[in-house]
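S.K.: Whatever this is, show me its structure:
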Amino acid sequence: MNEPVEKMAGPYPRRWWALLVLCLSLLMIVMANTALTVAAPSMTADLGLSSSDLQWVIDGYTIPYAALMLLFAAIGDRYSRRGALILGLVIFGGGAVLGALVDGAVGVIAARAVMGVGAALIMPATLSLLAATFPRAERTKAITLWTATAGFAIAAGPLVAGLLLAHYTWSATFLINVPVVGLAVVGALVLVPPSRAVRQHRIDYIGGLLSVVWISALVYTLIEVPYSGWDTRAITATAVAGAGLVAFVLWELRHPHPLLDMRRFANRRFTGANLAVVLFFLVVFGAFFYLTQYLQFVLGHDALATGLRMLPLAGAVFAGSALTGYLTPKLGMRITILVGMLGGTAALVLLTQVDAASSYGDLVAPLIILGLAIGLALAPCTDAIMSAFPESELGVGSAVNDTSTELGGAIGIAILGSLLSTSYAAHLSDATTGSRLPAEALSQAQDSVGAGYAVARDIGDQARQLGERAATAGNAEQAAQLKTQADQLADGARQMAEAVGSSFADAVAYTSLVGVVILAVGTVLVGILLPRDKRTSRNTAGHQPDAGTDRKTRACSAAL
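M.R.: Okay, the predicted model is just below:
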């Protein structure tokens with residue numbers, strides 16, 4: 001049995017093996033979301049999911065995942081970070097088994113929600129265990145590998161799902177988690193040392209409950225509004241989110257031992273790093289959302305081919321992470337983060353050039369630049385956020401970083417996804433002006449790019465059926481009429497397919513332009529917020545410890 005980290009006289013000898021277990025756990029929970037984007041069409045066809053059902057299959061994971069992290073992280077800090085990791089893995093694995101066995105929308109949504117609860121335990125535990133296990137001199141390198149794993153998982157999810165779907169049904173994308181969970185649990189017991197906060201206070205459960213209320217209401221609003229508009233449910237959720245946030249802030253400011261000390265946001269380094277994480281994942285998840293659709297629907301690649309074509313992004317993340325380890329000590333945390341954000345902006349600028357004639361080759365450069373940007377920016381951001389917390393709150397620090405990530409992703413898909421949908425519908429309406437297509441067919445095609453191509457296929461099927469009837473018609477006049485109708489429908493199907501492809505390409509370009517504006521303005525704000533680095537060469541971790549770090553924390557760091 002491993003000795004608790006807090007009682008060790010020196011660094012934990014097997015810490016790099018422990019990091020492998022933590023990264024494996026992280027890889028699994030991030031891939032659980034990105035893999036589903038590729039498995040969704042197969043799942044929809046098999047289970048007969050409606051658009052609303054599919055939305056909640058995807059987002060049923062996100063709400064508990066984002067909402068519960070702060071509270072679960074505090075519980076892990078107090079009782080056992082490793083215990084939180086193992087419990088989360090078991091819950092996640094149970095949800096994966098349930099997801100593979102159910103045969104309806106409600107069951108799959110419930111299974112995804114269970115997996116989200118497990119992920120809310122796993123995610124902050126991985127980063128807090130990393131910070132507790134590694135001495136400060138090595139912590140930046142370990143965090144860099146951790147963030148590189150998260151970036152790699154974003155791109156690897158579709159590839160793994162594509163490989164599985166080439167041979168099995170969508171349920172395999174759930175079951176693949178089970179052996180990984182088993183390996184991670186054994187690895188955690190054997191290689192990851194126990195850890196919990198040395199200084200312990202009673203958990204702020206009221207603050208935890210308020211955080212669950214406002215975060216879940218906010219994420220629900222971000223998910224629901226792009227699809228349903230500002231209906232009663234969305235307005236109510238927004239009001240709950242706003243009231244919950246105000247109550248949370250006021251409670252935390254008055255509590256002697258708050259779940260999250262809101263005064264930390266007066267620290268420009270901490271606030272700037274969190275803003276950078278939110279903005280970066282806003283554009284990354286938004287771009288990922290429409291690029292995978294472009295590859296699958298417009299360029300016609302299957303699930304496996306789509307996953308393979310996202311690999312340049314994954315490789316570039318690792319390259320960017322390697323550059324971070326070299327550049328941060330030389331240039332400082334602030335410059336490295338800003339260079340990464342500028343790189344992300346440049347990638348989106350290239351995506352504004354997408355049009356109906358664009359091929360996969362036109363996407364390679366943006367994918368590589370975006371991957372490099374992720375690798376450059378996110379590790380220094382995570383390091384800056386974690387350095388703002390004392391040893392007793394490492395789990396909460398991790399949860400703040402992870403909540404910023406999830407909120408950024410949810411906001412990105414909500415804003416950029418909504419703009420994409422609106423722009424696509426408007427461009428399709430313009431592209432089909434003057435056509436003889438039925439209004440009902442056009443309305444259906446405007447729902448999504450997938451629906452648009454489905455309408456084109458239906459019209460093409462009708463054309464083929466009429467052509468077959470024309471070939472077997474009893475008289476020449478009837479055959480000629482049927483042949484004319486078939487030719488008109490075939491021409492309409494071709495026009496619809498072309499209009500759908502060009503409209504979605506134009507929507508991608510427009511949405512990317514909005515992303516450019518958001519990230520460019522955000523880069524300026526982050527540059528203003530982040531303080532200039534001083535004497536970075538004297539700190540091997542690439543930053544100075546925050547002034548707010550208490551003596552106990554520095555003593556623990558020295559002991560490690």
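
S.K.: In contact with the nearest residue to A119 once chain neighbours are set aside: list those residues for me.
M.R.: Nearest non-adjacent residue to A119, counting by C-beta to C-beta, 6 or more residues apart in numbering: I29, 4.2 Å away. In this view, the C-beta of every residue, glycine as well, is placed from N, C-alpha and C. For I29, the contacting residues are Y65, F92, M115, G118, A119, I122, M123, by C-beta atoms under 8 Å, 6 or more residues apart in numbering.

S.K.: quick one: the host helix or strand of the first one to chain centroid distance?
M.R.: If I follow you right, that is Y65. Per DSSP states H and E: Y65 is located in helix 51-78. Computed by C-alpha atoms, centre = their mean, to the nearest Å, the chain-centroid distance of helix 51-78 equals 12 Å.

S.K.: low pLDDT regions in the chain?
M.R.: 1-7, 51-52, 200, 435-437, 534-560 (pLDDT under 70).

S.K.: what separates the residue in the chain sticking out farthest from the centre from Q465, distance-wise?
M.R.: Residue distances from the centre of the chain (C-alpha atoms, centre = their mean) peak at N475, which lies 60.6 Å from the mean C-alpha position. In this view, N475 and Q465 are 19 Å apart by C-beta to C-beta, to the nearest Å.

S.K.: now swap in W170 and tell me
M.R.: Taking C-beta to C-beta as the measure, W170 falls 30 Å from Q465.

S.K.: And the two? Which one has more around it.
M.R.: W170 (25 against 13; other C-beta atoms under 10 Å).

S.K.: now the helices for the stretch 251-400 of the chain?
M.R.: Under the criterion DSSP state H, counting those that start in this stretch, the stretch 251-400 of the chain contains helices at 268-293, 303-309, 311-331, 333-351, 361-386, 394-431.

S.K.: okay, these in JSON lines with distance to S80 and mean neighbour count next?
M.R.: Conversion of the helices of the stretch 251-400 of the chain to JSON lines gives the following (distance: least, C-beta to C-beta, whole Å; neighbours: other C-beta atoms under 10 Å):
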{"stretch": "helix 268-293", "distance to S80": "26", "mean neighbour count": "24"}
{"stretch": "helix 303-309", "distance to S80": "36", "mean neighbour count": "22"}
{"stretch": "helix 311-331", "distance to S80": "30", "mean neighbour count": "20"}
{"stretch": "helix 333-351", "distance to S80": "31", "mean neighbour count": "23"}
{"stretch": "helix 361-386", "distance to S80": "19", "mean neighbour count": "25"}
{"stretch": "helix 394-431", "distance to S80": "10", "mean neighbour count": "23"}
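
S.K.: Of those, give the one that comes closest to L163.
M.R.: helix 303-309 (6.0 Å; C-beta to C-beta).

S.K.: Show me what the closest one is packed against.
M.R.: In this structure, helix 303-309 makes packing contacts with helix 15-47, helix 136-165, judged by 3 or more C-beta pairs under 8 Å, 6 or more residues apart in numbering; DSSP states H and E.

S.K.: Which residues outside it are in contact with it?
M.R.: Applying C-beta under 8 Å, 6+ apart, the contact partners of helix 303-309 are 38-39, 41-42, 156-163, 165-166, 292, 295-296, 301, 360, 363.

S.K.: In space, what's closest to G325 - neighbours in sequence excluded?
M.R.: Nearest one to G325, counting by C-beta to C-beta, 6+ apart, is T144 at 5.5 Å.

S.K.: thinking the one you found is in contact with Y326, fair?
M.R.: No. Using C-beta atoms under 8 Å, T144 makes no contact with Y326, being 10.4 Å away.

S.K.: overlap in contacts of these two?
M.R.: Counting by C-beta under 8 Å, 6+ apart, T144 and Y326 have no common neighbour.

S.K.: related to what we said a few turns ago, counting only helices, which of the contacts of I29 make the cut?
M.R.: Y65, F92, M115, G118, A119, I122, M123 (DSSP state H).

S.K.: Of the residues you listed, which pair is most distant in space?
M.R.: Going by C-beta to C-beta, the pair spanning the ones in helices among the contacts of I29 furthest: M115 and M123, at 12.0 Å.

S.K.: For my notes, please list the helices and strands packed on helix 303-309 in JSON lines and give distance to D53 for each entry.
M.R.: Output for the helices and strands packed on helix 303-309, formatted as JSON lines (distance: least, C-beta to C-beta, whole Å):
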{"stretch": "helix 15-47", "distance to D53": "8"}
{"stretch": "helix 136-165", "distance to D53": "19"}
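
S.K.: And these: which comes nearest E406?
M.R.: helix 15-47 (9.8 Å).

S.K.: How many neighbouring residues does A473 have?
M.R.: Neighbour tally, A473, other C-beta under 10 Å: 15.

S.K.: Which residues are in contact with the nearest residue to it once chain neighbours are set aside?
M.R.: Using C-beta to C-beta, 6+ apart and skipping the chain neighbours, the partner closest in space to A473 is A479 (3.8 Å). For A479, the contact set (C-beta under 8 Å, 6+ apart) comprises A470, A471, A473.

S.K.: for those, which one is nearest D487?
M.R.: Checking those against D487 with C-beta to C-beta, the nearest one is A470 at 9.5 Å.

S.K.: residues touching the closest residue to that closest one other than its chain neighbours, list them.
M.R.: With C-beta to C-beta, 6+ apart as the criterion, A470 has its nearest non-adjacent residue at 3.7 Å, and that residue is L482. Contact partners of L482, counting by C-beta under 8 Å, 6+ apart, are L466, G467, R469, A470, A473.

S.K.: quick one: which helix or strand includes L482?
M.R.: L482 is part of helix 476-529, with elements assigned from DSSP H and E.

S.K.: How far away from the center of its chain is that helix?
M.R.: Distance of helix 476-529 from the chain centroid (C-alpha atoms, centre = their mean) equals 25 Å.

S.K.: and what of stretch 11-22?
M.R.: With C-alpha atoms, centre = their mean, you get 26 Å for stretch 11-22.

S.K.: And it, what's buried?
M.R.: Buried positions in stretch 11-22, judged by neighbour count with 16 or more other C-beta atoms under 10 Å: Y12, R15, A18, L19, L20, V21, L22.

S.K.: got TSV for those residues, with distance to Y453 too?
M.R.: Listed next are these as TSV, based on distance: C-beta to C-beta, whole Å:
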residue	distance to Y453
Y12	54
R15	50
A18	47
L19	44
L20	42
V21	43
L22	41
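
S.K.: So among the contacts of helix 303-309, which ones count as buried?
M.R.: 38-39, 41-42, 156-163, 165, 292, 295-296, 301, 363.

S.K.: Tell me which helix or strand V249 sits in.
M.R.: Using DSSP H and E, V249 maps to helix 232-254.

S.K.: buried set for that helix?
M.R.: Buried residues in helix 232-254, defined by neighbour count with 16+ other C-beta under 10 Å: A234, A237, T238, V240, A241, G244, L245, A247, F248, V249, W251, E252.

S.K.: In contact with the nearest residue to A373 once chain neighbours are set aside, which residues are there?
M.R.: Spatially, and ignoring its direct neighbours in sequence, A373 is nearest to G343 (3.4 Å; C-beta to C-beta, 6+ apart). Each residue near G343 by C-beta under 8 Å, 6+ apart is listed here: I369, L370, L372, A373, L376, A377.

S.K.: Which secondary structure state is assigned to R532?
M.R.: With DSSP: H, G, I helix; E, B strand; the rest coil as the basis, R532 sits in coil.

S.K.: For the residue nearest to G325, the count of nearby residues, please.
M.R.: Look at T144: counted by other C-beta under 10 Å, it has 25 neighbours.

S.K.: List the contacts of the residue nearest to L19 when sequence neighbours are not counted.
M.R.: Closest residue to L19 apart from its sequence neighbours, by C-beta to C-beta, 6+ apart: A142 at 5.6 Å. By C-beta under 8 Å, 6+ apart, the residues touching A142 are R15, L19, L130, F134.
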